[in-house]
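1. Please work out how this folds:
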Amino acid sequence: MPIRSLIIVFAVLLVSVKVHSQRADSLRTILKSAQGVSKFDVLYELAYEYSNENDSLSLVYADQAYQVALTLGDTARIIKGGRIKAAQLRRMEDFEESILVAEEILPIAKRHKDIFELKILLTSLAISHTLRAEYDKALKYNFESLVVRENDGDKKGMSMSLNNIAVIYYKLQDFKRALDYYEKSLDLKNETKDKHDLDRLYINMGLCYNSLGEYDKSRKNINEGLRSCEGKCSDQIILEGEIALGISLLGDGHTDESLEHFTKSYDVAKRIKNHRYQAENLVSMAGAYLKKEDFSLAKKCLIDAEIISRQNGYRFLLERVYNFFSQLYEKRGDFQNQALYQSKYIKLKDSILSEKVISNLSQLRTDYQERENIKTIAEKDQLVSLQKEVITRQQRQFVFIVTITILIFALAGVLFYFSKRQQKTNRELSSMKAQLEVHNRELEDKVIERTRDLINSNKALREANDELDYFIYKSSHDIRGPLMTLKGMCNIANIDLKDQASLDYFKKFDLTVDRLAVILTRLQSVIYVNASELKPERINFHSLLDEIFLFEKKKGLPTRFELNYEVAENVSLISDARLVKLVCENLIDNAIKFCSTSERTDPFVKVRGYNESALVKIEVEDNGIGIDAGAVENIFKMFTRGSERSEIGGVGLYLAKIASHKIGGTLHLKQTDAKGTIFQVDLPLDLSSELNAKVESEQQLVNAIEKLSKERRNILPVI
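-> Numbering: from 1, shown residues only. Below is the predicted model of the structure:
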């Protein structure tokens, strides 16, 4: 590897170690104050963080997490904590304790139907029992895992379970059955394009071919597995591939070459502290030395392998060690030791494959085979059913074709008959068409006349409305003079009169005059809105609202009353500024008039402006007394009282409503409840476009009527 590449790899490793260290330190800091569920989560993360670096420390955190989960009684976390503890125990090759923990939480995972954790637990138990040479139990858990993954539709997981089942049959020396399961696993990996553990799968298939004596196929699969890593094989895969190649070469008679591969595999296993493959390589090297009749080296390898296997409980390796010891002493003529190790070999083999274990394996095979048979029968039944359905469909299609043929001939006869009738009908229709055209022209003339009358009526109606508005405006203006005279007389009476009863009457009379003056003012405002000529211009909302707020403050605001607004930056409105201001003024004035007088409430009015779709929306929100439920439907009608606090019939909301309509918008009550009221005004973005479109539409209608009328005059009547 070039020096630059080495530097880059080293730098990446340093960064990874630093990040890992920082995360672990951060988690330990959090752990000091963590309680309950949070404490479990931190302990679990610490166990996971150290799982590939410090097995002992990882186990400590995993055990603490499990104990916290048990104390909390949180079943989901009991499963999670127990699972990582069992996995760490298995990684440290404490298989017995790992199995105890996993079997303790397995029923909980089944009750809670936690499929994710269940699959991991079943696989973990199967691997632990396999390494303890308890093949019946391992096979049971692997088959159970396979069924769970099949029901879950987890094809990648099914491939893994099939591989694990094949490993057990390989250990049982049922190599053809093992190869069958390996090939099923490979088919699923190819189907799902799953490359995880593909290298190991090819190596395992190579080991099967070794045992079947097909060494060329063996090496082909092993090399395929090593190639699938694409030059990035892990140490574990390298040591597995090297020992598999060594076994293949040893079986094919290449003893010296096999020892080279065993040595490579052993060195890697020793470097990464993989005791199992250290022992397996030592046993395989002992077999090679026995072939070379180098008994001293063979014995040394077997002694070392026996020590490692005993320390770690590798019974399946001890079986091979005793067998090779028996062969060694037989070749050396030491029949006493040969008999001793032969006895140990037979005893251990019988314990591994006891009558009970063989019975369990047989029953497991039978159960799974029966399940497969039932599945196959169901598939065959489904195929027969499909075939019957196909035959039925073909019969129906034949009947359908015959029926269609008959119908086609019948249809041809009917078409011929109707063709003759159609010709006669066409002749009659031609004669009626001329008459119909005459009637159509007459009808069009009437439509033109009625449309022209409608246009004239609308024009007359607008003129009448204008006259009525002028009359109301003039009357209200004329009434205001005498009204102000009455107001002055009331003021003089209040000064001159001494009689209290008379003063009370004149005060009430004065109040009535004020109310009448307000009504006249609002009537004039209505007429102003109806008669005003629209002048679209770009509106600055900030200036408009500031002006309204200043005016309201000059009029006087209730105690603690707040006025504020919030206008989005992208708001852009072209409309009539006077009418927009009139709408906002009346809504704000209405909100102030009906504010809450409670000492516990800080009354406010908030105005919001924003764009939405092709509209500008203005919302006026208050926290006042709200609107009586019975008045909501009529709230925008003239002289409607929306609350008991209304002094006179309301015109403010009516004014806001008609002003909104005048500039092409809508006003509606968005919300009213105990918390207050929200009114919303929706205005078009550009009023000038709306006005132009309206004028253009009216002009098009007039032009269309004139054009149609002209055309009618130029067409001669059909006789």
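2. any idea of the pLDDT on Val607?
-> Note for Val607: predicted pLDDT of 94.
3. Kindly apply the preceding question to Glu103 instead.
-> Value listed for Glu103 in the pLDDT field: 88.
4. next one: phi and psi at it?
-> phi -70, psi -20 (degrees, to the nearest 10).
5. repeat for Val616
-> Torsion angles, degrees, to the nearest 10, at Val616: phi -100, psi 120.
6. beta partners of it?
-> Asn611, Leu683 (DSSP bridges).
7. Measure how buried it is and give me the count.
-> 25 (other CB atoms under 10 Å). Every residue, glycine included, has its C-beta placed from N, CA and C.
8. residue contacts, it?
-> Neighbour list for Val616: 571-573, 609-610, 682-685 [criterion: CB atoms under 8 Å, 6 or more residues apart in numbering].
9. what do you get for Gly313?
-> Per CB under 8 Å, 6+ apart, neighbours of Gly313: 93, 95-96, 131-132.
10. rerun that using 7 Å as the cut-off
-> 95, 132 (CB atoms under 7 Å, 6 or more residues apart in numbering).
11. Return the member of the contacts of Val616 nearest to Thr123.
-> Set against Thr123, the nearest of the contacts of Val616 by CB to CB is Tyr610 (56.9 Å).
12. my guess is Ala62 meets Ile84, correct?
-> Yes. Judged on CB atoms under 7 Å, Ala62 makes contact with Ile84 at a distance of 4.8 Å.
13. Looking at those two, which has the bigger crowd around it?
-> Ala62 (27 against 23).
14. For Lys80, see how far away that one is.
-> In this view, Ala62 and Lys80 are 10 Å apart by CB to CB, to the nearest Å.
15. Can you spell out the domain ranges of the protein, please?
-> Per the record, the chain has its domains at 379-531, 534-685, by automatic domain parsing.
16. so of those, which one's packed in deepest?
-> domain 534-685 (a mean of 17; mean count of other CB atoms under 10 Å).
17. Work out the gap between that one and the centre of the chain.
-> Taking the mean of its C-alpha atoms, domain 534-685 sits 41 Å from the chain's own mean (CA atoms, centre = their mean, to the nearest Å).
18. In CSV, list the contacts of Val616 along with distance to Ser326.
-> Converted to CSV, the contacts of Val616 look like this (distance: CB to CB, whole Å):
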residue, distance to Ser326
Val571, 95
Ser572, 97
Leu573, 100
Gly609, 96
Tyr610, 91
Asp682, 97
Leu683, 101
Pro684, 101
Leu685, 97
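19. out of the residues you listed, who's nearest Ala412?
-> Among the contacts of Val616, and counting by CB to CB, the member closest to Ala412 is Pro684, at 61.9 Å.
20. Now for that closest one: which residues touch it?
-> Contacts of Pro684 by CB under 7 Å, 6+ apart are 614-615, 664-665, 690.
21. Give me the subset of these lying in helices.
-> Glu690 (DSSP state H).
22. can I assume Gln327 is in contact with Tyr289?
-> No. Using CB under 7 Å, Gln327 makes no contact with Tyr289, being 11.2 Å away.
23. Show me which of those two is the more surrounded one.
-> Tyr289 (22 against 19).
24. which element is the more buried one on?
-> Taking DSSP states H and E as the criterion, Tyr289 maps to helix 275-292.
25. Next one: Val607 from Ile519, what distance?
-> 27 Å.
26. same deal with Arg83?
-> Following CB to CB, the distance that separates Arg83 from Ile519 is 81 Å.
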